[in-house]
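A.B. asks: Sequence plus the predicted model coming up.
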Amino acid sequence: MGILVLGIDGLGLEGLKSLKRYGLLSSVEYLMERGIHATAKTCFPPQTIPAWISIFTGVNPGKHGVFSFFKSTKREIRINCALDVKFPTVYELFSLMRIPVVMVNVPLSYPFPLLYGLGISDWLSPSKRIFVNMEDLPRSVVRIAQDFEFIDPSMKKFLSDRKMCMELSRKIDKRRWVVEGLLEYEKFEDFFVVVSMLDWVFHRYYRQIKSGRPPRHILKLLSSVDRYISAIIRKAMKRGLKIFIISDHGFRVYNKIICINDLLRKLKYARGVSLRFISKRTKKVGLRSLRKTESRPLRYEFIGTLWSLAINFKLTYPYGSS
């Protein structure tokens, strides 16, 4: 008996409750009622890439070495890939044991350095391709995988929201057909499938979805995602696979006012600088008058996860020793 690890990017319990009002993701609710579910704390930073790698390796970002989408060196900034992960993933361990696996859109899986089975690269990979490493794999199965529709996130720059949702819905329906076909092939024992579209929708429309006022084209796109997820679950149940549904992070709406200087001062990461101290310093360089200036606190509104937080204000070594 094999397993299905179905990753739904950006789906927390709060988001699941919001979608339930529209009659979406009832298949996930069905499994929750008949299985075991819990809320797990995500990693720091709570971003897509380090969180998924932490899930599949079992170690925190300080050990697997991936903290964001990008890797910075002295000479370049580039997108991370599977070769940057310092710990083996669970699907690589399966491959070492010669257990056939299928990987579909798993973040940071490309270029599949160690895979026995079939892999379809994720949306971050520079080359959209199918990787096959398995003896006696029928050509018909490979042809099914080759019909997988890749999604280019940059298309939102050229298409309106309505047209982009229509294009995404078409691609999702094609993906559903491909994954269902791969689930039919019984020599594939274990499946790792990640659905990314829900995260993309939540990042922009989570407030409207939660308040009950999403645009109509967004509801149509969410319905396509729901059909995709439900079809995967139905096929897995038909085969008798053990199903694990996981997510990297959830979403929440925040409205806060924050002053970074005050925060750093309270946490004792910065000392207050008085106007008298500044006046003494400026007189030494020839400035005789100094006007008191105040910086307004930064009022921000963000949804979901912190996108590029570089400082952990609570711990000196937030990730432990590598």
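C.D. replies: Yes, it's here.
A.B. asks: Which helix or which strand is home to Tyr205?
C.D. replies: Element membership for Tyr205, per DSSP states H and E: helix 197-211.
A.B. asks: residues of that helix that come out buried?
C.D. replies: 197-202, 205-206, 209-210 (16 or more other C-beta atoms under 10 Å). Where C-beta positions appear, they are placed from N, C-alpha and C, glycine not excepted.
A.B. asks: Which residues does that helix contact?
C.D. replies: Around helix 197-211, the neighbours that count as contacts under C-beta atoms under 8 Å, 6 or more residues apart in numbering are 8-11, 14-15, 18-19, 48, 151, 153, 168, 172, 214-215, 218, 221-222, 225, 251, 253, 303-304.
A.B. asks: Neighbour count says what about the residues you listed? Which are buried?
C.D. replies: 8-11, 15, 18-19, 48, 151, 168, 172, 214, 218, 221-222, 225, 251, 304.
A.B. asks: Show only the entries of the residues you listed found in strands.
C.D. replies: With DSSP state E as the criterion, strands contain Ile8 from among those.
A.B. asks: ok, which stretches of the protein are helices?
C.D. replies: Ranges of helices in the chain, per DSSP state H, are 13-20, 26-34, 48-57, 61-64, 90-96, 139-146, 161-184, 197-211, 216-239, 260-266, 275-284.
A.B. asks: Could you say which of those is packed most deeply?
C.D. replies: helix 48-57 (a mean of 24; mean count of other C-beta atoms under 10 Å).
A.B. asks: Off-centre distance for it?
C.D. replies: On the basis of C-alpha atoms, centre = their mean, to the nearest Å, helix 48-57 is displaced by 8 Å from the centre of the chain it belongs to.
A.B. asks: And it, what does it pack against?
C.D. replies: helix 61-64, helix 90-96 (3 or more C-beta pairs under 8 Å, 6 or more residues apart in numbering; DSSP states H and E).
A.B. asks: could you give the mean pLDDT of it?
C.D. replies: Average pLDDT, helix 48-57: 94.
A.B. asks: do stretch 15-23 as well
C.D. replies: On average, stretch 15-23 scores 93.
A.B. asks: which residues are contacting that stretch?
C.D. replies: In contact with stretch 15-23 (C-beta under 8 Å, 6+ apart) are residues 25-26, 28-29, 198, 202, 206, 209-210, 212, 214, 219, 222, 226, 250-251.
A.B. asks: same deal with stretch 221-233?
C.D. replies: 4, 6, 8, 19, 22, 24-28, 30-31, 165, 168-169, 172-173, 175-176, 179-180, 183, 193, 195, 197-198, 201, 209, 214, 243.
A.B. asks: okay, now the spatially closest residue to Glu189 that is not a sequence neighbour: neighbour count?
C.D. replies: By the measure of C-beta to C-beta, 6 or more residues apart in numbering, the closest residue to Glu189 outside its immediate chain neighbours is Gly2, 3.7 Å from it. Applying other C-beta atoms under 10 Å, we find 19 residues neighbouring Gly2.
A.B. asks: Can you report phi and psi for Gly2?
C.D. replies: Note on Gly2: backbone dihedrals following degrees, to the nearest 10 are phi -90, psi -170.
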